[in-house]
Every structure is written in structure tokens, then in C-alpha cells.
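> Need the 3D shape of this:
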Amino acid sequence: MIGKLTGRFGGTTSDGAVLIEVGGVGYVARVPLFSLDTLRLRAMEEISLFIHTRVAEDALDLYGFPTEDELLFFKQLMSVSGIGPKTALGILNISDVATLRRAIAAGDAAALTKVFGIGKKSAERLVVELRDKLALEQTSRGESVQGSGGDSEVIEALTALGYSLQEARGALKHIGAVPSLGVNERISRALKALGTRAATS
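Prediction:
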């Protein structure tokens, strides 16, 4: 069982997984998209990933995460019935862990479906099976449990202005989890993020 890998970033495979070179051996690990972007910028540096090892009859798959907290949330997602490692990784590709946790803890299945693109049944299962546990964790850390309804309004505003759902979600990921920001401020920052991307593309 592999729990952690420390080595050098060796590029990516044809299907988007990363290669980590450790002592002359290249390990293939699947990572969230945002982690992949960061790893590419550190091509010549030593990197470490916390690993979830999935052993099947015909395969041994590694899933890698920069922090133990992300690995923990990945495992929490897989504890939900019907969600395997590929689906859990797909959910982590959609938004940052803090925002996803907050939406689930608040029981905001509609926001998970609308803002993050998670299917309705999956969103409802996540809320039913993880809501109380995540809400308790947030409370113990002194964090308020808030939904992502504001993000739903941001999505609606951006799509009304002609942006695609993918562009709107990408802008929200760029903003990150800042609970103190109001809807108007989040819309303003999202538009700035979209404007910056358009200017550099």
C-alpha cells in the first residue's frame, strides 16, 4: 500500500495522469486538475503527493493529492454510496474543497447541481450522507455553515451576460472560497477574472 510519494514531476500520460519519478521508477497517479496545473509549474522541483491506492482485480490505481485534507475529503466522497474514486476525483475537479464542503454541510443540493455541475442524484446522496458530519467538522473548527446560494446567483448573472456555464464555474474557482464576499462583489471579481483570461488568450 502506497501512502505518499516524494520525487520529481515527470510529465503527464496521454490520459492526463501524472508521472512521479522516485528513485528511477515512474509512478502514475491521477490528480485533481488544479493540482496538475501546479505540478507543471514545478517540473524541476521535488514534489510530494498523499496517495490513495485502489487495488482491483485487473489494475492498481493511484490517486494523488498535495495535502492530507484533500485526501481526507476524497475518501469522504467515496464513502457515499454510488461514488467511486473516478467520480470523487471528478467532483474535486469542479471546485475547491472548502467550497464543496460548505455547500454539502449547508444541505445545498441545488447549488451543487447548478453551480458545480454534479448530477441531481449524486448531489442529493452527498447531502444526505455527509451533511451532518461536515457541518459538525466546520462547527468544531469555528467556521460558519453557509450554502452556495450566492454562487448560484453569480452563475445566473454570468450566463445572462453570455458566458458559458464552464466559463462561469471557472471564474468562481478563480475567486475561491471567501464567505465574506457578497453576491455583487463575487460577480464583479468573476467578471474581472474572465476579462483577464480573455486578454491573455
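> Show me what the mean pLDDT comes to for whichever helix in the chain runs longest.
When the chain is parsed with DSSP state H, its longest helix is helix 120-140. Mean pLDDT, computed over helix 120-140, is 81.
> doesn't Gly10 fall inside a strand?
Yes - assessed with DSSP: H, G, I helix; E, B strand; the rest coil, Gly10 lies in a strand.
> nearest residue to it other than its sequence neighbours?
Leu19 (3.6 Å; Cβ to Cβ, 6 or more residues apart in numbering). C-beta: built from backbone N, CA, C; applies to glycine.
> For the one you found, grab the count of nearby residues.
16 (other Cβ atoms under 10 Å).
> Which helix or strand lies directly C-terminal to the helix or strand containing it?
Taking DSSP states H and E as the criterion, the element that holds Leu19 is strand 18-22. Sequence-wise, the next helix or strand downstream of strand 18-22 (DSSP H and E) is strand 25-29.
> tell me the pLDDT at the residue in the chain sticking out farthest from the centre?
Note on the chain: the largest C-alpha distance from the chain mean falls to Gly24, namely 30.4 Å (Cα atoms, centre = their mean). pLDDT for Gly24: 89.
> just the one 3 residues further on next, same as before
pLDDT, Tyr27: 93.
> Could you list the buried residues of stretch 89-102?
Within stretch 89-102, the residues that count as buried by 16 or more other Cβ atoms under 10 Å are 89-102.
> Distance across stretch 69-87, terminal residue to terminal residue?
18 Å (Cα to Cα, to the nearest Å).
> and the helix or strand hosting Leu191, how far from the chain's centre?
If you go by DSSP H and E, Leu191 is part of helix 183-200. Relative to its parent chain, helix 183-200 has a centroid offset of 20 Å by Cα atoms, centre = their mean, to the nearest Å.
> Any buried residues in that helix, and which?
Arg186, Ile187, Arg189, Ala190, Leu191, Ala193, Leu194.
> ok, the residues you listed vs Ser81, which is closest?
Relative to Ser81, the closest of the buried residues of helix 183-200 is Arg186; by Cβ to Cβ it sits at 33.0 Å.
> Please name the nearest non-neighbouring residue to that closest one.
Nearest non-adjacent residue to Arg186 (Cβ to Cβ, 6+ apart): Val154, at 5.0 Å.
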